[in-house]
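K.L.:
build the 3D model from these lines:
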Amino acid sequence: MLHSARAVLPGQTTTLAFAFKPSHYPSTNITSSLTFYMDQPSLPLKMKQKQFQQPRLYCQASPHDEVSLRSDESPVHGVSEIVVGVLGGGQLGRMLCQAASQLAIKVVVLDPQENCPASSLSYHHMVGSFDDSATVEEFAKRCGVLTVEIEHVDVATLEKLEKQGVDCQPKASTIRIIQDKYLQKVHFSQHGIPLPEFMQIDDLEGAKKAGELFGYPLMIKSRRLAYDGRGNAVAKSEEDLSSAVDALGGFHRGLYVEKWAPFVKELAVIVVRGRDNSISCYPVVETIHRDNICNIVKAPADVKWKIREHATEVASNAVNSLEGAGVFAVELFLTEDEQILLNEVAPRPHNSGHHTIESCYTSQYENHLRAVVGLPLGNPLMKTPAAVMYNVLGEEEGELGFQLAHQLIKRALTIPGATVHWYDKPEMRKQRKMGHITIVGPSLGNIESNLAIIVEGKKLDDKTAVAPRVGIIMGSDSDLPVMKSAAEILEMFGVPYEVRIVSAHRTPELMFTYAKSADKLGIQVIIAGAGGAAHLPGMVAALTPLPVIGVPVRGSTLDGVDSLLSIVQMPRGVPVATVAVNNATNAGLLAVRMLGVADNNLLSRMSQYQEDQKEIVLDKGDKLVNHGWESYLNKMSS
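P.N.:
Residues are numbered from 1 along each chain as shown. Okay, here's the model as predicted:
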């Protein structure tokens, strides 16, 4: 006898369930269950051809000792059975689909373009406008949760759908706040988020009063439908106000002004919030714009740790003031006096988080999906020391633009650590985002050198492609016969290194510059050799956050003991590792061991080195026993 039946429509989470009293067969003492699955007929709206299917009925009977699911539970055969509906099918939707494929999460997209970037990768693509009420309502019937890859959607429809029980993440209230940049500023101001000063303007007199209050230059912005620099105009003086307003379409468009923020860097933080309101933040990045469009993203941002902490705190507080789960991109200004001011927030994956696909343990796209369907959030930390994302923008219209972009891509494919993302947009236009390139590597300095190869067409060479991991420095070339042993060890282990003469006494400026910039250039350990007063290791250690190994070099008077004592007498808070006098070999080996903590290949090679050393000693012992000490000594001297 039938005890449960449910009709499951592909692309939907709605289940029609009918429960009947189970019947037991006395002869077998088995409870039988019979489940019906019916495919949903195709929707009347235009869909991709491959998705039209005739209704099918499947019948499956299976014995159970007891019912394993409560009546309010649905079976889960994968990571999640929830179908994610995305309003918008651009490059962000495409990358959401790519992340979804790893977890076998079904993503359906609504976009007016039949060949939009997400179309070929989505589970379903409904061709229709994401700001048309009837279309969005019809689309929502296919989805277990509704999210966005563009905030310019019909928010009134989302609010209506939420009242009907549709699950929207983030919430429609958040989309409404974000859509209106002035309303967004008011909201964050009410929640204590630091912002540039701002005010609404309705006419030219209001704009002039704002200029008198805030001074010039004055930033004038459209309240709605503004992105990638569109909707922004700068008035350098009162005489520029009329032309700036006209460039934005006039006061009837809805305008407001912001006091000019004297920023030194633009930063961004990708924040992900789960359905349980848990918050997770990606490392702070620096964004560099060209013609108001994000051109380069550097991760992590080259700023002080306390600035990173403050930026993360501001971003986290801003997202906490909004409603709903998912990824939020928080754009920030860093001012000359080290203030952090919020620029704006996007309630979706963002350009400033593209690098996370290659550089972080969990990409922003996977974390957005995890958040909206209620899965545990993934680790947002970087798994590589540094990354740079470069936006591939249209340089020319049409076919010429494609040719230029493809030349750029070919150069990128020759670079170690570079990954190309092409959005497969059918039309090329100037300044249109056509793809992006992410480069990961040991340091921002090394990556920027490789980026120059891609963008400027510079020649690829080994020096540019491989950054030194160890810096060997010494105060004079007279130290080189000793310090060369460290270089020989590093060469044997395949560790890239550089050798420099840097004197603490004769070239103090060079020493300062080298010590302060070494970590940014990819150096991970510094080996510093010095004789006599031996100031070089200690002074460098005082300037760099990197580990420093001091090598006392034997002098002509005190046999190197003065150098040794000088190095080991560093004050508390300025550590310098030290080896025996003239023992640069051990300095090289110690550097390899330090690097081996995070490099399994080096750790394995060090284990092999130790094994080889053991075999050498055992072999010598055997020869001594077998040939006698006199013969052994004769062979040593010959």
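K.L.:
so who does the closest residue to residue 568 other than its chain neighbours touch?
P.N.:
In space, and not counting its chain neighbours, residue 568 is closest to residue 578: 5.3 Å by Cβ to Cβ, 6 or more residues apart in numbering. The C-beta positions use only the backbone N, C-alpha and C, and glycine is treated the same way. Contact analysis of residue 578 by Cβ atoms under 8 Å, 6 or more residues apart in numbering lists 537, 549-550, 552, 564, 567-568.
K.L.:
which stretches of the protein have low pLDDT?
P.N.:
1-74, 226-229, 459-465 (pLDDT under 70).
K.L.:
domain ranges for it?
P.N.:
Residue ranges for the domains of the chain, per the TED database: 84-168, 197-259, 263-439, 470-598, 603-637.
K.L.:
I'd like to know which of the ones you listed is closest to residue 445.
P.N.:
Nearest to residue 445, of all the domains of the chain, is domain 470-598, at 4.2 Å by Cβ to Cβ.
K.L.:
buried set for the longest helix along the chain?
P.N.:
Assignment by DSSP state H gives helix 600-637 as the longest helix of the chain. Using 16 or more other Cβ atoms under 10 Å as the test for burial, helix 600-637 gives 602, 605-606.
K.L.:
chain center to that helix, what's the gap?
P.N.:
Offset of helix 600-637 from its chain centre (Cα atoms, centre = their mean, to the nearest Å): 49 Å.
K.L.:
for it, packing partners?
P.N.:
Helix 600-637 sits against helix 584-596, with contacts defined as 3 or more Cβ pairs under 8 Å, 6 or more residues apart in numbering; DSSP states H and E.
K.L.:
can you give me the angle the helix it packs on makes with helix 600-637?
P.N.:
For helix 584-596 against helix 600-637, the angle by axes from the mean of the first three to the mean of the last three Cα atoms, to 10 degrees is 160 degrees.
K.L.:
and helix 584-596, what other elements does it pack with?
P.N.:
Right, helix 584-596 is packed against helix 480-492, strand 525-530, strand 548-552, helix 600-637 by 3+ Cβ pairs under 8 Å, 6+ apart.
K.L.:
with distance to residue 245 added, can I get the ones you listed in CSV?
P.N.:
What follows is the helices and strands packed on helix 584-596, written out as CSV (distance: least, Cβ to Cβ, whole Å):
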stretch, distance to residue 245
helix 480-492, 63
strand 525-530, 56
strand 548-552, 58
helix 600-637, 61
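K.L.:
relative to residue 130, which of these is closest?
P.N.:
So among the helices and strands packed on helix 584-596, helix 600-637 is nearest, using Cβ to Cβ, at 46.8 Å.
K.L.:
that closest one to helix 480-492, inter-axis angle?
P.N.:
Using the same axes, to 10 degrees, helix 600-637 lies at 130 degrees relative to helix 480-492.
K.L.:
what subset of the contacts of residue 578 is buried?
P.N.:
For the contacts of residue 578, buried by 16+ other Cβ under 10 Å: 537, 549-550, 552, 564, 567.
K.L.:
so which pair among those is furthest apart in space?
P.N.:
549 and 564 (13.1 Å).
K.L.:
all helices of the stretch 401-550 of the chain, in order?
P.N.:
Using DSSP state H, counting those that start in this stretch, the helices of the stretch 401-550 of the chain run over 444-456, 462-465, 480-492, 508-517, 535-543.
K.L.:
same question for the stretch 101-250 of the chain.
P.N.:
133-140, 155-163, 172-179, 181-190, 204-214, 241-247.
K.L.:
tell me which of those sits most buried.
P.N.:
Across these, averaging neighbours per residue (mean count of other Cβ atoms under 10 Å) puts helix 172-179 on top, at a mean of 22.
K.L.:
what is that helix packed up against?
P.N.:
helix 155-163, helix 181-190.
K.L.:
tilt between the last one and helix 172-179?
P.N.:
Between helix 181-190 and helix 172-179, the angle comes out at 110 degrees (the same axes, to 10 degrees).
K.L.:
hmm, who's touching helix 181-190?
P.N.:
Contacts of helix 181-190 (Cβ under 8 Å, 6+ apart): 176-178, 195, 198, 200, 221-224, 226, 231, 254, 256, 258, 318, 321, 342, 344-345.
K.L.:
mind listing which of those residues are in strands?
P.N.:
198, 200, 221-222, 256, 258, 342, 344-345 (DSSP state E).
K.L.:
tabulate those (TSV), appending neighbour count and distance to residue 393.
P.N.:
Output for the ones in strands among the contacts of helix 181-190, formatted as TSV (neighbours: other Cβ atoms under 10 Å; distance: Cβ to Cβ, whole Å):
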residue	neighbour count	distance to residue 393
198	18	29
200	15	33
221	19	22
222	19	22
256	22	28
258	22	26
342	22	26
344	18	21
345	27	24
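K.L.:
which two among those are spaced furthest apart?
P.N.:
Maximum pairwise distance in these, criterion Cβ to Cβ, is 19.0 Å, between 200 and 345.
K.L.:
the nearest residue to residue 498 once chain neighbours are set aside - how many residues pack around it?
P.N.:
Computed as Cβ to Cβ, 6+ apart, the closest residue to residue 498 that is not its neighbour in sequence is residue 468, at 4.1 Å. Using other Cβ atoms under 10 Å, residue 468 has 22 neighbouring residues.
K.L.:
in the helix or strand where residue 271 lies, what counts as buried?
P.N.:
Per DSSP states H and E, residue 271 falls inside strand 263-273. Using 16+ other Cβ under 10 Å as the test for burial, strand 263-273 gives 263, 265-273.
K.L.:
reformat those as TSV; add distance to residue 303.
P.N.:
Below are these laid out as TSV (distance: Cβ to Cβ, whole Å):
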residue	distance to residue 303
263	12
265	7
266	11
267	7
268	12
269	12
270	16
271	18
272	22
273	24
